[in-house]
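K.L.:
From the sequence below, what's the structure:
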Amino acid sequence: MVEKQVMSSSAEQNVVRRFASGQMISMAKLVLECAFQPIVETTTGSVFGYESLMRGHERIGFANPIELLDHVEAEGQLVELEKMIASRALAKFSTLPDCSSATLFLNLDVRLIRHGDIILDKLLEQLTQAKIPPSSICFELSERFDNTSVPEFGALINRMRKEGFKLAIDDFGVGHGEMKLLCDFDVDYLKIDRYFIQDVERNPRKRHMVKNIVNIAHVLGVRVIAEGIETEGEFLTCREMGVDLIQGWFVSRPTTFVKELHGSFPHLQQLGDTRRNRQTLDEILIRRQIEHLPTVYENDSIDSVFELFRRNPEQAFFPVLNANGEPRGVINEYHLKEYIYQPFGRDLLKNKVYERTISHFVDRAPIVGLDADADRLMNIFANMGGSACVILTENMRYVGVVSAASLIKVINEKQLKLAQEQNPLTALPGNRAISGFIEESCRDSDEDRFFCYCDFDNFKPFNDKYGFHVGDHAISLFSALMKRYFFSGDCFLGHIGGDDFFIGVRDWTTDEVTEILERLLGDFHDDVIALYSEEDRLAGQIKGFDRFGNEREFALLRCSIGVVQLPKGMLIGNPDGIGAEIANIKKAAKKSETGLVIHSHGEMK
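P.N.:
Numbers count the residues shown, from 1 in each chain. Predicted structure coming up:
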């Protein structure tokens, strides 16, 4: 039955194609529509732009858009079809309330490159009528085809840049020459193919590939878009690795109805990590070092740049933005000096025939979001080679630059601040460092992770009876034992305050963690009992006052440890809930005979 239906459907498609032979454009005008799929800022959930996708092709007998494009190309009508589709996409885009600040992504078929000027002329005419800047349009160059083999490709790219259009490499990682395209041409975005995104949170090789693609792109001043995000795990992993923008069914499916498009997506904002709700130490320090340099726009006159350098003689470069406020790179003074010191050089720059615009002199510079940590910025500086600064953005728009000297100040201040927050008694990091370790571990699912919260039982009556000096001795004793047993590089030790400690462990098994923690608790009990008087040791208890002022008997001092385990592959976007979970585990540990309770995340809340 199914086979008969498939054959019937195929026969119907062939009938429609034969009927529409030579009339395909007329038929297409009646049935083809443009669907928009949102492209969203990873850290905020706000819509940055939309990719235009063809819909309705099945009504004229084609299983997918590629089949239709191949058919009209064979009939010599591909240019007409693409002009019509682009016009409809732009018409729909112009009705959106955010069209002046958003970006419309249009796919450019490799077979249209030789006819690119015709398409650009039509598009520029429509943009002028709609009062939309060319920088609101981004052409996607699919790497499933070899664009660079077309002789007219270089000239077309140069014209696109000159007119102010943006460029993206589509299907990055599965194409013909994406690295060559990335090296030889100034592109704005790089779209990582769905192949690398699928199950990325569970595939270490894919995570390694994506992370390095992101780092390379940012060093080159290119923003990264992850295609085909379908799960929360894929989203969280991409965000953690610094991906700038995402699109996919986890965000929103394509729609042909404008009223179904939203400006932001609350479900992404709710998954927004705690760094969006409070500034990290890195961001606070980086904000202090930002240089808010004056900017020039790529469509400004050359004279305006000369004037800017004249008014700021100590400045050797300025950031260049497009009409949407996104950074394109920097313009360096030495480029212009080559002309200034030549006879008639300045007049030559302004000669319309010579056609040297600001965009001609733009040098690429690393571009990174303001929420990047200081270590990542330092890594970019170490790899960028020759650029004077890193351009910082917030919500994809320019906010300032940071120089190498400024970043060194940030690193030094961070180290000093963390040193100041160390507990003076134990010399262990404090709460800020502990929170940082937990947040980082929650977003890195390569291995098992254990968060161990250590709390002394009956410490108050012990401290009250024997005095603060003996109490501090017990605290120092426990700290020394922690350092003895957890000394490897995959361990983190922290002092929450008083008699509360934290141990973070990565890439250990549950049996290994259990064995070492039991040994720690046993040694602490054996050592701390020596701090009691012989009378109290024999009695096995002491008299004291509880927190309510009531006198009663208390058992001797011991430590309880509650442990939350995050299994390998588990990602947590917002670790705030772990605090409430561990509170219950700590209660269970205090009631237990051994003083040690380990639960996987979510097992006990």
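
K.L.:
all helices for the stretch 101-250 of the chain, in order.
P.N.:
Taking DSSP state H, counting those that start in this stretch as the criterion, the stretch 101-250 of the chain contains helices spanning 116-130, 153-163, 178-184, 194-197, 204-219, 232-240.

K.L.:
any idea which of those is most buried?
P.N.:
Mean neighbour count (mean count of other CB atoms under 10 Å) peaks for helix 232-240 among the helices of the stretch 101-250 of the chain, with a mean of 23. Every residue, glycine included, has its C-beta placed from N, CA and C.

K.L.:
Quick one: work out the angle between it and helix 204-219.
P.N.:
40 degrees (axes from the mean of the first three to the mean of the last three CA atoms, to 10 degrees).

K.L.:
gap between Gln198 and Lys180?
P.N.:
Distance, Gln198 to Lys180, using CB to CB, to the nearest Å: 26 Å.

K.L.:
Helix, strand, or coil at Val569?
P.N.:
To be clear, residue 569 is Gly; Val isn't right here. Of the three states, Gly569 takes coil under DSSP: H, G, I helix; E, B strand; the rest coil.

K.L.:
That one and Ala382: what is the separation?
P.N.:
Counting by CB to CB, the gap from Gly569 to Ala382 is 31 Å.

K.L.:
Adding distance to Asp446 and mean pLDDT as columns, could you present the helices of the stretch 101-250 of the chain in CSV?
P.N.:
Formatted as CSV, the helices of the stretch 101-250 of the chain follow (distance: least, CB to CB, whole Å; pLDDT from 0 to 100):
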stretch, distance to Asp446, mean pLDDT
helix 116-130, 44, 91
helix 153-163, 39, 89
helix 178-184, 26, 77
helix 194-197, 16, 94
helix 204-219, 6, 90
helix 232-240, 10, 90
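
K.L.:
out of these, which comes closest to Phe265?
P.N.:
helix 232-240 (10.6 Å; CB to CB).

K.L.:
Contacts made by that closest one with the rest, please.
P.N.:
With CB atoms under 8 Å, 6 or more residues apart in numbering as the test, helix 232-240 has contacts from 42-43, 197-202, 207, 210, 226, 229, 246, 248, 250, 268, 271, 273, 443-445, 571-573.

K.L.:
Report the buried members of those.
P.N.:
Among these, those classed as buried by 16 or more other CB atoms under 10 Å are 42-43, 197, 200-202, 207, 210, 226, 229, 246, 248, 250, 268, 271, 273, 443-445, 571-573.

K.L.:
Can you name the helix or strand that the residue lying farthest from the centre of the chain falls in?
P.N.:
The centre of the chain is farthest from one residue, Glu535, which by CA atoms, centre = their mean lies 61.2 Å away. Using DSSP states H and E, Glu535 sits within helix 534-539.

K.L.:
and that helix, how far from the chain's centre?
P.N.:
59 Å (CA atoms, centre = their mean, to the nearest Å).

K.L.:
Residues in contact with that helix: which ones?
P.N.:
Contacts of helix 534-539 (CB under 8 Å, 6+ apart): 529, 542, 556.

K.L.:
Can you get me a residue count around the last one?
P.N.:
Looking back up the chat, that one is Leu556. 19 (other CB atoms under 10 Å).

K.L.:
so how far is Asp375 from Ser488?
P.N.:
Counting by CB to CB, the gap from Ser488 to Asp375 is 21 Å.

K.L.:
Also Ala419?
P.N.:
17 Å.

K.L.:
ok, now Val528?
P.N.:
38 Å.

K.L.:
quick one: which of these two has more around it?
P.N.:
Per other CB under 10 Å, whichever of Val528 and Asp375 has more neighbours is Val528, with 21 against 11.

K.L.:
burial of Cys131, as a residue count?
P.N.:
Small correction: residue 131 is Lys, not Cys. 9.

K.L.:
repeat for Gln541
P.N.:
Gln541: 15 neighbours (other CB under 10 Å).

K.L.:
wait, it sits on Glu553?
P.N.:
Yes: Gln541 lies in contact with Glu553 (CB atoms under 8 Å); the separation is 4.9 Å.
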